[in-house]
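**Q** Need a 3D model of the following:
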Amino acid sequence: MRIALYFPNKPMNIGIPSGDRTIAESIVISFRNRGHVCQEITRFRSRWFWKDPVEIIKLPFAFWEAIRQFRMFRPDLWITYHSYYKSPDLFGWWLAAPSVPYVIIQPMRANKRRKKASTKIGAIINDMAIRRAHLLVLNNLIDFDALRDFVPEKKLHYVPPGIFPEMFPRDPEAASELRLKLSIPSTMFVLLTVCMFRKGVKWDSLVFLFRALELLMPKEKFILLVIGSGPLWSSAKRYARERLGDRVCFLGEVPRSELFRYYSLADLFVFPGIGESLGMVYLEAQSCGCPVVALDGEGVRQVVRHGRTGILVSSKTPEAYAEAISLMLNNQKLRDEMAIEGMRFIREERNAHINNLRLIELLEEIVSR
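**A** As a prediction, this is how the structure comes out:
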């Protein structure tokens with residue numbers, strides 16, 4: 001198949017690490033491994049385009065280029081990844097449909113966005129795209145009800161999110177080397193968090209984590225490794241230092257290909273996940289046999305098995321979160337059992353090779369019809 005691709009929220013040339021980017025890249029890799037040809041038809045980023053005069057000026061040129069690329073490429077299938085009110089698909093729903101099967105992966109919608117002046121334009125365009133799609137593929141069950149109320153349920157298909165397990169192996173040797181490199185005593189527990197430092201729920205989760213670990217300092221001997229980057233990096237570092245002192249170590253951004261070393265070293269992956277829609281880092285941690293401690297929520301619940309691969313704390317207080325971490329640190333047997341179950345969970349249920357193949361076979365059938 002020849003597959004036209006469009007990423008309205010984060011085109012492939014935007015190198016911002018995120019769970020969305022991880023899923024999108026894995027799908028493209030799986031298509032190419034299957035022998036299909038993929039081409040990004042346009043790299044116009046539609047995020048809040050109607051609020052930016054420069055982007056509005058660019059839009060007619062982007063339309064013309066998309067038409068030109070579409071005609072030259074002559075695709076058998078059009079896939080748009082992640083269309084929603086902030087970044088609606090501006091191209092696929094009129095350029096591809098009805099002559100070429102048009103599919104949206106990770107569509108999102110909410111009626112309230114059509115009622116607000118600031119979001120109405122994006123919401124209306126997004127609704128038109130969703131209406132025209134031959135198939136809507138969800139990787140998040142949170143979005144299912146809103147879409148089922150808007151389009152026939154037969155258009156909806158759920159494919160669980162996944163990662164490539166071979167990219168995140170449990171590697172005790174790499175963990176030992178890293179412990180030596182970072183000068184971490186063998187008697188000290190290692191906690192790990194990986195996230196973007198930006199306003200909103202990410203910042204809220206970091207503050208919550210630092211407050212919880214501050215309560216834990218008199219009881220447990222640990223060091224927190226913090227991996228990530230973003231505009232609030234300095235603020236997060238200052239806030240953590242004030243509360244945790246030398247119990248926290250900020251490592252900056254680490255290439256994704258190297259993250260398995262840190263997950264393998266850690267005794268626990270700790271990120272509360274306030275307002276988290278999914279959280280691919282939880283899958284990465286479990287793949288490396290690193291149990292998770294997070295707050296219970298609709299998103300996190302889809303990628304962490306409570307009591308089996310980690311603990312999801314129902315009480316949204318730093319005290320309860322700290323208590324859950326302490327419980328895990330003092331139960332080596334439980335951590336070992338969760339490590340084994342976590343690796344199995346990823347290998348069998350959140351394996352991108354398996355889950356993406358189901359998606360590809362579904363799309364191949366649509367195109368063949």
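
**Q** contacts and neighbour counts: CA atoms only from here.
**A** Will do.

**Q** The helix or strand that contains residue 362 packs against which elements?
**A** Here residue 362 is covered by helix 352-368, with elements defined by DSSP states H and E. Counting by 3 or more C-alpha pairs under 8 Å, 6 or more residues apart in numbering; DSSP states H and E, the packing neighbours recorded for helix 352-368 are helix 19-33.

**Q** any idea how far the helix it packs on is from the chain center?
**A** For helix 19-33, the separation from the chain centroid amounts to 12 Å (computed by C-alpha atoms, centre = their mean, to the nearest Å).

**Q** Helices of the stretch 1-150 of the chain, residue ranges please.
**A** Applying DSSP state H, counting those that start in this stretch to the stretch 1-150 of the chain gives helices spanning 19-33, 53-73, 92-95, 120-132, 144-148.

**Q** now what about the helix or strand just after the last one, what contacts it?
**A** Meaning helix 144-148. Counting by DSSP H and E, the next helix or strand C-terminal to helix 144-148 is strand 156-158. Contact partners of strand 156-158, identified using C-alpha atoms under 8 Å, 6 or more residues apart in numbering, comprise 135-141, 148.

**Q** Next, the buried residues of the next helix or strand after strand 156-158.
**A** Counting by DSSP H and E, the element after strand 156-158 in chain order, helix or strand, is helix 172-181. Residues of helix 172-181 classed as buried by neighbour count (16 or more other C-alpha atoms under 10 Å): 174-175, 178-179.

**Q** and if you look at stretch 333-347?
**A** 334-336, 338-347.

**Q** neighbours around residue 210, how many?
**A** The number of residues packed near residue 210 is 22, by other C-alpha atoms under 10 Å.

**Q** hang on, the earlier thing: save the contacts of strand 156-158 as CSV, and put in neighbour count, distance to residue 327 and pLDDT too.
**A** Listed next are the contacts of strand 156-158 as CSV, based on neighbours: other C-alpha atoms under 10 Å; distance: C-alpha to C-alpha, whole Å; pLDDT from 0 to 100:
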residue, neighbour count, distance to residue 327, pLDDT
135, 21, 45, 95
136, 25, 42, 97
137, 20, 39, 96
138, 22, 35, 94
139, 19, 32, 91
140, 20, 30, 89
141, 15, 30, 90
148, 13, 41, 91
